[in-house]
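# Could you look at this predicted model? Sequence included:
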Amino acid sequence: MSRAEIIRAIHALRIETPSWGYGNSGTRFKVFAQPGAARTLYEKIDDAALVHRLTGACPTVAIHIPWDRVDDWTPVRAYARERGIAIGAVNPNVFQDDEYRFGSVCHRDPAVRKRAVAHMLECVQIARTVESGALSLWLADGTNYPGQDDMRSRRARLIESLAEVYAAMPDGMRMLIEYKFFEPAFYHTDLADWGMAHLLACKLGPRAQVLVDTGHHPQGTNIEQIVALLIDEGRLGGFHFNNRKYADDDLMVGSVNPYELFLIFHEILGAGRDPRCAATVQDIAYMLDQSHNVEPKIEAAIQSVLNVQSAYAKALLVDRDALAAAQAQDDVLGANRILHDAFETDVRPLLADARTAIGAAADPITAFRASGYAARIARERGTAPTGGGYTG
């Protein structure tokens, strides 16, 4: 690819930031309150808009219901537009009410399942109002002990419930189905891996797709292979980017294993050259899903975007013709070196040029620190109380 083609590709990369990344959030042990952390959805939109202005890459912000619930959604859409962004994926919450102690849409009690479905239908309506095209689902459903419930019966309830939600989605809206292999359930999870999510999506319909959360896999999982397979099946809907060392750590994407992120983008860009996969690749939703606990929230969002852009730009640099030739000759190490050559390239000057070409900051972190924004919102917003952590 020419330099101009690479810069155009960088400009086309869109990364959605999460509203919950701008407010106080953390772990179940402790949520540390930070001065200036967003207290309302409108403040989260302000922060997300700033990240977009600095990076030029984040035109949407995901919302979570009920964490971001407001009485009237129409002004929210207008408020975001005035600040140059839009509302992205709508994320229902069916794991924090007492009724969901033994599950939501997989619960044996029809009344609980009805409650969960009603909440998801509400989120579909919210998505209509804010003109979002994605309903992003993560379920905490599962069991803690063998024998606690019948797995096949739970799966039947899951399919029946989500089929009702799917049927209510308007044309053009996608259902993104996330999976996680454990936690909060510790014996079995009803959607534990990509295969279960894929089978469910196939049962629901073509607008149901799999969402890959990079922190939701067992240690050693080859995520890039999962990505390649889901693209090949036309079912990769999007990502929740984060990084981890041990489990679902929600660290900043690219902070622990940037090579893995590079390899994921390498598979995506390779598939994008295949006419059979190009449409799937073009519709992939790239979203951050991180809970910033000890790190400054806005700066963490900016750094995460930069890490994603860096991995993406390096994957764009892979000499694919040379790689194909090396593969055709069974040149194992030659092929591997081609990937390493791209990964080890310093793309920071390239990304700085790409950002300045669209009016964003060459160095968004330096620009943010020099802006005085963090100090201003700390004065204006103060420190919101938090309620996280064990009560002892």
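That came through fine.
# wait, what's in contact with residue 10?
By C-beta atoms under 8 Å, 6 or more residues apart in numbering, the contact set of residue 10 is 309, 312-313, 316, 350-351, 354. (Glycine included, C-beta is placed from N, CA and C.)
# out of those residues, who's nearest residue 60?
Comparing those against residue 60 with C-beta to C-beta places residue 309 closest, at 16.0 Å.
# quick check, that closest one in a helix?
Yes. Under DSSP: H, G, I helix; E, B strand; the rest coil, residue 309 falls within a helix.
# Next, count neighbours for it.
24 (other C-beta atoms under 10 Å).
# Do a quick rundown of the strands in the chain.
15-18, 60-65, 86-92, 134-137, 142-143, 174-178, 188-189, 208-213, 236-241, 285-288 (DSSP state E).
# Name every strand pairing with the first one and say which way it goes.
Read it as strand 15-18. strand 60-65 (parallel), strand 285-288 (parallel) (DSSP bridges).
# For residue 328, give its distance to residue 358.
As defined by C-beta to C-beta, to the nearest Å, residue 328 lies at a distance of 38 Å from residue 358.
# for stretch 100-117, which positions count as buried?
Residues 100, 102-107, 112-113, 115-117 are the ones in stretch 100-117 that count as buried (16 or more other C-beta atoms under 10 Å).
# swap in stretch 365-380?
With burial defined by 16+ other C-beta under 10 Å, the residues of stretch 365-380 counted as buried are 367-368, 373-374, 377.
# Nearest to residue 38 among those residues?
Nearest to residue 38 among the buried residues of stretch 365-380 is residue 377, at 8.1 Å by C-beta to C-beta.
# Let me see the confidence value for the residue nearest to that closest one when sequence neighbours are not counted.
Excluding its sequence neighbours, the residue lying closest to residue 377 (C-beta to C-beta, 6 or more residues apart in numbering) is residue 36, at 3.9 Å. Listed pLDDT for residue 36 reads 96.
# Now do the contacts for residue 36.
374, 377-378, 380-381, 383.
# What of residue 32?
Taking C-beta under 8 Å, 6+ apart, we find residue 32 in contact with 24, 26, 293-294, 386.
# picking up where we left off before, relative to residue 15, how far out is the residue nearest to residue 377?
Counting by C-beta to C-beta, the gap from residue 36 to residue 15 is 22 Å.
# same deal with residue 170?
Residue 170 is 25 Å from residue 15, by C-beta to C-beta.
# ok, the two, which is more surrounded?
Neighbour count, other C-beta under 10 Å: between residue 170 and residue 15, residue 15 has more, with 25 against 11.
# For that one, which residues are in contact?
For residue 15, counting by C-beta under 8 Å, 6+ apart, the contacting residues are 55, 57-58, 241, 286-288, 305, 308-309.
# Quick check: phi and psi on the closest residue to residue 240 other than its chain neighbours?
Closest residue to residue 240 apart from its sequence neighbours, by C-beta to C-beta, 6+ apart: residue 289 at 3.4 Å. In terms of degrees, to the nearest 10, the main-chain angles of residue 289 are phi -140, psi 90.
# and the contacts of residue 15 as JSON lines, adding distance to residue 333 and pLDDT?
Shown next, in JSON lines, are these (distance: C-beta to C-beta, whole Å; pLDDT from 0 to 100):
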{"residue": "55", "distance to residue 333": "36", "pLDDT": "98"}
{"residue": "57", "distance to residue 333": "35", "pLDDT": "98"}
{"residue": "58", "distance to residue 333": "38", "pLDDT": "98"}
{"residue": "241", "distance to residue 333": "30", "pLDDT": "98"}
{"residue": "286", "distance to residue 333": "31", "pLDDT": "98"}
{"residue": "287", "distance to residue 333": "36", "pLDDT": "98"}
{"residue": "288", "distance to residue 333": "35", "pLDDT": "98"}
{"residue": "305", "distance to residue 333": "34", "pLDDT": "98"}
{"residue": "308", "distance to residue 333": "29", "pLDDT": "98"}
{"residue": "309", "distance to residue 333": "29", "pLDDT": "98"}
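# any chance of the strands paired with strand 15-18 in a markdown table, plus mean neighbour count and distance to residue 183?
Shown next, in a markdown table, are the strands paired with strand 15-18 (neighbours: other C-beta atoms under 10 Å; distance: least, C-beta to C-beta, whole Å):
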| stretch | mean neighbour count | distance to residue 183 |
| --- | --- | --- |
| strand 60-65 | 24 | 18 |
| strand 285-288 | 24 | 20 |
